[in-house]
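Q: here you go, sequence then predicted model.
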Amino acid sequence: MRMRMKRTGLAVTLAVAFAPALAVAQMTVEQTIQIRPGERVDGAIQFPGMMGSPRQFKTGTGRIRGRVLAIDGAGPIRRAQVRISGSEVAPKAALTDAEGRFEFRELPAGRFTLQASKPGFVSVQYGQTRPFESGKPIELADKQSLDNADIGMPRGSVIAGRIVDEFGDAIPDVSVSAMRQTWQNGRRRLVPSPGRVAQTNDLGQFRIYGLPPGDYYVSATLRGALDMMEMEVMMVAGASAPAGPTASAPKSGYSSTYYPGTPSIAEAQRISLAAGQESSSADFALVAVRLARVSGIVIGSDGKPLEGAAVSTVPANREFGGLAQHNARTAKDGSFTLNSVPPGDYTLQARSVQIVTSTQGGDQMMVFRTTNIGGGGDSESGSTPLAIAGEDVSGILLTTSKGGSATGRLELDGPNPPPMGSIRIMSMAVESDGPTLGGGAATPKDDGSFELKGLTGPRLIRLGNAPPGWTLKSVKLNGTDITDTGTEFKAGETTSGLEVELTNKATSVNGSVTASDGSVLKDYTLVIFSETPEHWRLPMTRWVTGTRPDQDGRFKVLNLPAGNYLAVAVDYVPQGEWGDPELLDRLKSKAKRFTLGDGATQTLDLKLTGEY
């Protein structure tokens, strides 16, 4: 993301450009704020149309305070950042003092989470005692003070090494990240660790610190100066600007490489880290490959060359983090050229970009803008598979479309409905590894009607910002429930009859867990999952969840769909791993069955089952 701020008289113009790699919020917005003499401007910026009406947060007289301490007995951790979040409050951050103390005041009654971070330590949540575990929520009553919300932070583990080329020479400016396998959105994926991404220095050395103990794959990618320059040109060149001079591009380069020096994740070796351990021998060479030039033309939905479109390559297997993205913009005749593309499987994407030029006080400013999030409005997008094997690829014809559209109505089931303008309806890709373009979002009108534009492919309909106390109940298309399956949208076609229903009759599951001797436990993980195994594998499933108890050992789960469920308390499950169908299959024989009706509350008393 790039932000530019420019003062013109008494106005400050903010232009925020979100890079094309983002999956959903691909947009550029512009906002001008008038500043009066002596006036201070701070806080969050509300981007028009992005998330509906500004969110109203609550205050109260509650208080949470505690200390951040090193778990190795080294004492308080000074100047650690502690962040509080909850549905009723805006996120806030505090810095610990010389004694490691922090405090949050004027809190309303509600449920809150705390997270502490500091370079060199593992970022942890309040109540977290093991790697990748969820923290404990804090349940705060009206006017309540919690004075012992202490957080223990372990020192982070480290992976260090050196990146060289095929001749053994150091390569600077290589991005190096530690990846770990986890269960995410219906499949096991390789995702970046919470630790920092490192960059090699002039000696080729890198150091990734702040890692929780665990098993990691190390990935190294060289994003060359030419790639960055192409992005700069794409971001600042106007749609009517000439294509400019051509320049030679290297014919050889480096593939994204995994330790100990392979482009294949199947051949990569894991590095296992204990708590606080430093592994300093992760030296390997980038794999030299032949680079390709990719060229073609982009044609718009009107059959004419699309000028000024943003063209990019996106790795087909994005969870592996591997291949770098390449970017270009089309000339007046719709032509484009992407230089230095390494071998691999990609999705080639094109997207129309509107150029907005603003002149104030003699200063001119150029801003890229699409008319809606994810390809909505009149923006156009298109994609095609692209396989690179080291040879140049030319003559690509990529056609864009305005996508399909869908009209519908939002219904609110319950008293005291929130304003329609405070709700955002989103379309989300059913398969997260598909093209990143082709989604849309809309804010309903006062009568509840809405229209989604720029839709392509199978999409789920979800809420971008559910009002407090409200949740998605169902999504129907001409009477057929598509809440969990989604539906296919085709370019140029209009779909009508969408019915999105929200309810404030939330379901609730609460209770406690006891040990074999009858004592109430305060440290466990609760897993609740549908009795129907088909629900476990749904995209973005609503039927499986995990949680941890609050500071008093009580658990609470809200907004599950009505149905038959199984509940089980185990000693430890890493966050997200409760979505793994193999784990659920093992746990189902030990779980307690219960039924949850619409808006119903269930109270469960469970026994601890055992370890994960």
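A: That came through fine. Residues are numbered from 1 along each chain as shown.
Q: pass me the low-pLDDT residue ranges in the stretch 101-250 of the chain, would you?
A: 195, 224-250 (pLDDT under 70).
Q: which residues in it form helices?
A: Counting by DSSP state H, counting those that start in this stretch, the stretch 101-250 of the chain has helices at residues 225-236.
Q: now stretch 300-308: mean pLDDT?
A: Averaging pLDDT along stretch 300-308 gives 91.
Q: can you list the low-confidence ranges for the protein?
A: Within the chain, the ranges that satisfy pLDDT under 70 run 1-55, 195, 224-250, 317-324, 353-378, 432-439, 610-612.
Q: now the helices: where do they sit in it?
A: Here the chain has its helices, by DSSP state H, at 225-236, 581-587.
Q: quick one: residue 170 and residue 161 touch, right?
A: No. Counting by CB atoms under 8 Å, residue 170 does not reach residue 161; the two are 11.6 Å apart. Quick note: C-beta positions are derived from backbone N, CA and C, even for glycine.
Q: put the alpha carbons of stretch 72-81 into PDB.
A: What follows is stretch 72-81, C-alpha atoms only, in PDB (Å, rounded to 0.1, in the frame of the first residue of the first chain):
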ATOM      1  CA  ASP A  72      12.200 -16.600  31.100                       C
ATOM      2  CA  GLY A  73      12.200 -14.600  34.400                       C
ATOM      3  CA  ALA A  74      14.100 -11.600  33.000                       C
ATOM      4  CA  GLY A  75      11.500  -9.300  34.400                       C
ATOM      5  CA  PRO A  76       9.200  -6.600  32.800                       C
ATOM      6  CA  ILE A  77       9.200  -6.000  29.100                       C
ATOM      7  CA  ARG A  78       9.400  -2.200  28.500                       C
ATOM      8  CA  ARG A  79       7.900  -0.400  25.500                       C
ATOM      9  CA  ALA A  80       6.000  -3.500  24.400                       C
ATOM     10  CA  GLN A  81       2.900  -2.600  22.300                       C
END
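Q: need the overlap of contacts for residue 170 and residue 161.
A: With contacts taken as CB atoms under 8 Å, 6 or more residues apart in numbering, residue 170 and residue 161 have residue 205 as neighbours in common.
Q: and these two? Which one has more around it.
A: Counting neighbours by other CB atoms under 10 Å for residue 170 and for residue 161 shows that residue 161 has the greater number, 24 against 15.
Q: so who does the nearest residue to the more buried one once chain neighbours are set aside touch?
A: Once flanking residues are discounted, residue 161 sits nearest to residue 282: 3.2 Å by CB to CB, 6 or more residues apart in numbering. Listed by CB under 8 Å, 6+ apart, the contact partners of residue 282 are 159, 160, 161, 218, 259, 271.
Q: 10 Å instead?
A: Applying CB atoms under 10 Å, 6 or more residues apart in numbering to residue 282 gives the contacts 158-163, 176, 178, 206-208, 216, 218, 220, 259-260, 269, 271.
Q: which ones among these map onto strands?
A: Judged by DSSP state E, strands contain the following of these: 158-163, 176, 178, 206-208, 216, 218, 220, 271.
Q: and of those, the nearest to residue 447?
A: residue 178 (50.7 Å; CB to CB).
Q: now that closest one: how far from residue 160?
A: According to CB to CB, to the nearest Å, residue 178 and residue 160 sit 11 Å apart.
Q: find residues that contact each of those two.
A: 198, 208, 209, 282.
Q: which single one of those is nearest to residue 543?
A: residue 208 (36.1 Å).
Q: tell me the bridge partners for that closest one.
A: On the basis of DSSP bridges, residue 208 is bridged to residue 159.
Q: please apply the same query to the one 10 residues further on.
A: For residue 218, the beta-bridge partners are residue 178 (DSSP bridges).
Q: what's near enough to touch it?
A: By CB under 10 Å, 6+ apart, the contact list for residue 218 reads 159, 161, 163, 176-179, 198, 206, 208, 257-260, 268-271, 279, 282, 284.
Q: at 6 Å instead, please
A: Residue 218 makes contact with 178, 259, 282, according to CB atoms under 6 Å, 6 or more residues apart in numbering.
Q: equivalent analysis for residue 399, please.
A: 299, 382.
Q: measure the residue nearest to residue 161 to residue 194 for me?
A: Using CB to CB, one obtains 18 Å as the distance from residue 282 to residue 194.
Q: check residue 598 too.
A: Per CB to CB, residue 598 is found 38 Å from residue 194.
Q: same check on residue 584?
A: When distance is defined by CB to CB, residue 584 is 25 Å away from residue 194.
Q: who has more neighbours out of these two?
A: Using other CB under 10 Å as the criterion, residue 584 and residue 194 rank with residue 584 on top: 20 against 17.
Q: quick check: closest non-adjacent residue to that one.
A: Nearest residue to residue 584 in three dimensions, chain neighbours excluded: residue 529, at 5.1 Å (CB to CB, 6+ apart).
Q: number of nearby residues for that neighbour?
A: Neighbour count for residue 529, taken as other CB under 10 Å: 26.
Q: which residues does residue 593 bridge with?
A: residue 566.
Q: one more: residue 458?
A: Under DSSP bridges, the beta-bridge partners of residue 458 are residue 488.
Q: can you pull out the strands in the stretch 101-250 of the chain?
A: Per DSSP state E, counting those that start in this stretch, the stretch 101-250 of the chain carries strands over the ranges 101-107, 110-117, 124-125, 138-140, 145-146, 151-153, 157-164, 174-184, 187-192, 198-199, 205-211, 214-222.
Q: let's have those strands in JSON lines, adding distance to residue 306.
A: As requested, these are arranged in JSON lines below (distance: least, CB to CB, whole Å):
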{"stretch": "strand 101-107", "distance to residue 306": "50"}
{"stretch": "strand 110-117", "distance to residue 306": "44"}
{"stretch": "strand 124-125", "distance to residue 306": "47"}
{"stretch": "strand 138-140", "distance to residue 306": "52"}
{"stretch": "strand 145-146", "distance to residue 306": "57"}
{"stretch": "strand 151-153", "distance to residue 306": "51"}
{"stretch": "strand 157-164", "distance to residue 306": "39"}
{"stretch": "strand 174-184", "distance to residue 306": "31"}
{"stretch": "strand 187-192", "distance to residue 306": "34"}
{"stretch": "strand 198-199", "distance to residue 306": "35"}
{"stretch": "strand 205-211", "distance to residue 306": "40"}
{"stretch": "strand 214-222", "distance to residue 306": "30"}
